[in-house]
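Asks: A structural model of the following input is requested.
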Amino acid sequence: MKKYAVYGVGNALVDMEFAVDDGFLAEMNVEKGLMTLVDEERQSELLSRLRQAHGARACGGSAANTVLAVSRLGGKTFYSCKVADDEMGDFYVRDLTEAGVGTNLRECLCPGITGKCLVMVTPDAERTMNTFLGITGAFSREELVEEAIADSEYLYSEGYLVTSDTARPAVVEARRMAEKHGVKTAISFSDPAMVKYFKPGLKEILGRGVDLLFCNETEAGLFADTDSLDRAVDELKRVARTFVVTRGARGALVCDGDRCFSIDPHPTRAVDTNGAGDMFAGAFLYGLTHGFSHEQAGNLASLASSRVVQSFGPRLSFETMQQLLAGFRAEAGQREYGLQL
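Replies: Okay, here's the model as predicted:
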């Protein structure tokens, strides 16, 4: 039996989240709904205008949020990333390790500036991110721990790493290590901008194909150059043995290698959509690594993502996640799933 359910590879960013309105985004010339890379000066300019807004910080990055979701549901996880030997880096290591996540960071804090992600959430619950990568932009093979990869059920990578000329080959190398040790591979496209502007790099990361792919409907269409979900599904089948296409309020489409089926949404009043996709991926991976079928994992993921958007921030507490899982297990035992979860 493997030690870790999921080994994550991704950016290490201290997330700083603020409630804003559309007028602020327009005034500051911020493109709504996307992740945009900015330099430190631009991020500081934005932060100087947000000091009076409601804000919170947490260790983040897309894959980090996913790994933390797995961990808070009860799965053992490991996260490889890169932070600097500064106050934000110390905070990141402390926040990650207190969550019970194994990491390479205990042995390597490098000179430089820890990356930060400024998350701006508008009243319609849309999240807009301006990210200064800092030292995480230099993520490389050096941060990989092959022994931990080999002792994991899944290797999970975030699509945001495609923007870095050192991180991209590191993801390829991590995939090679995983395949060498018989570890399943999973990736998320992460953001429409990654598909729109870095598609060749994504294809490089995908290589001959991965075991599991996560994307939303917009990303699927951009990857396949089509407005048709059916045609996008046909294209995704070329690069992933199984995959999930999340569809917001319309739920999700799961293809398990034999068939494609819909996962129902859980109606909710969204306050903040930041982290919804990361939560879906984390709950889905937890399910697959703990005896759930793809359909069961999809239903758990739909429930978890509907809960995370009801509150400010990209994740839920350990207690909330455990209550959610217990409720799901109890309900599943009374329905037509057939397995005792």
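
Asks: Every contact and neighbour count from this point should use C-alpha atoms.
Replies: Will do.

Asks: Helices of the stretch 1-150 of the chain, start to end?
Replies: In the stretch 1-150 of the chain, the helices defined using DSSP state H, counting those that start in this stretch lie at 22-27, 40-48, 62-73, 87-98, 146-150.

Asks: Include mean pLDDT when you put the ones you listed into CSV, please.
Replies: Formatted as CSV, the helices of the stretch 1-150 of the chain follow (pLDDT from 0 to 100):
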stretch, mean pLDDT
helix 22-27, 93
helix 40-48, 91
helix 62-73, 96
helix 87-98, 91
helix 146-150, 98
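
Asks: Out of the ones you listed, which gets nearest to Thr320?
Replies: Comparing those by their distance to Thr320 (Cα to Cα), the top pick is helix 62-73, with 8.8 Å.

Asks: what residues does that closest one touch?
Replies: Contacting residues not belonging to helix 62-73 are listed as 6-12, 76-79, 99-101, 156-158, 160, 190, 275, 278-283, 285-286, 314-318, 321-322, 325 [Cα atoms under 8 Å, 6 or more residues apart in numbering].

Asks: same thing but at 7 Å, please
Replies: Here helix 62-73 makes contact (Cα atoms under 7 Å, 6 or more residues apart in numbering) with 6, 8-10, 77, 101, 157-158, 278-279, 281-283, 286, 315, 318, 321-322, 325.

Asks: From these, list the buried ones, please.
Replies: By neighbour count, with 16 or more other Cα atoms under 10 Å, the contacts of helix 62-73 hold 6, 8-10, 77, 101, 157-158, 278-279, 281-283, 286, 315, 318, 321, 325 as buried.

Asks: and these, which of them are in strands?
Replies: Val6, Gly8, Val9, Thr77, Ser157, Glu158 (DSSP state E).

Asks: any idea how far Ser140 is from the third one?
Replies: Okay, so that is Val9. As judged by Cα to Cα, to the nearest Å, Val9 and Ser140 stand 10 Å apart.

Asks: From the chain's centroid, how far away is the helix or strand of the chain with the lowest mean pLDDT?
Replies: When each helix and strand of the chain is scored by mean pLDDT, DSSP states H and E, strand 55-60 comes last, with a mean of 78. Mean C-alpha position of strand 55-60 versus that of the full chain (Cα atoms, centre = their mean, to the nearest Å) differs by 15 Å.

Asks: Equivalent analysis for stretch 290-304, please.
Replies: Chain-centre distance of stretch 290-304: 16 Å, with Cα atoms, centre = their mean.

Asks: for that stretch, what is the average pLDDT?
Replies: When pLDDT is averaged along stretch 290-304, the result is 96.

Asks: What residues of it count as buried?
Replies: For stretch 290-304, the neighbour count (16+ other Cα under 10 Å) marks 292-304 as buried.

Asks: Please save the CA atoms from stretch 304-318 in PDB.
Replies: Extracted C-alpha coordinates of stretch 304-318, given in PDB (Å, rounded to 0.1, in the frame of the first residue of the first chain):
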ATOM      1  CA  ALA A 304     -17.600  19.700  -1.800                       C
ATOM      2  CA  SER A 305     -17.200  22.300  -4.500                       C
ATOM      3  CA  SER A 306     -20.700  23.600  -3.800                       C
ATOM      4  CA  ARG A 307     -19.900  24.000  -0.200                       C
ATOM      5  CA  VAL A 308     -16.600  25.900  -0.700                       C
ATOM      6  CA  VAL A 309     -18.200  28.600  -2.900                       C
ATOM      7  CA  GLN A 310     -20.600  29.400   0.000                       C
ATOM      8  CA  SER A 311     -17.900  31.100   2.000                       C
ATOM      9  CA  PHE A 312     -14.900  33.400   1.500                       C
ATOM     10  CA  GLY A 313     -11.700  31.600   0.700                       C
ATOM     11  CA  PRO A 314     -10.500  28.600  -1.400                       C
ATOM     12  CA  ARG A 315     -10.900  25.800   1.200                       C
ATOM     13  CA  LEU A 316     -12.900  24.500   4.100                       C
ATOM     14  CA  SER A 317     -11.800  23.600   7.600                       C
ATOM     15  CA  PHE A 318     -10.800  20.100   8.600                       C
END
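
Asks: can you map out the strands along the stretch 201-341 of the chain?
Replies: All strands of the stretch 201-341 of the chain, identified by DSSP state E, counting those that start in this stretch, fall at 210-216, 240-246, 252-255, 260-263.

Asks: need those in CSV with mean neighbour count, mean pLDDT and distance to Tyr197, can you?
Replies: Below are the strands of the stretch 201-341 of the chain laid out as CSV (neighbours: other Cα atoms under 10 Å; pLDDT from 0 to 100; distance: least, Cα to Cα, whole Å):
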stretch, mean neighbour count, mean pLDDT, distance to Tyr197
strand 210-216, 23, 97, 16
strand 240-246, 24, 98, 20
strand 252-255, 22, 97, 25
strand 260-263, 18, 96, 28
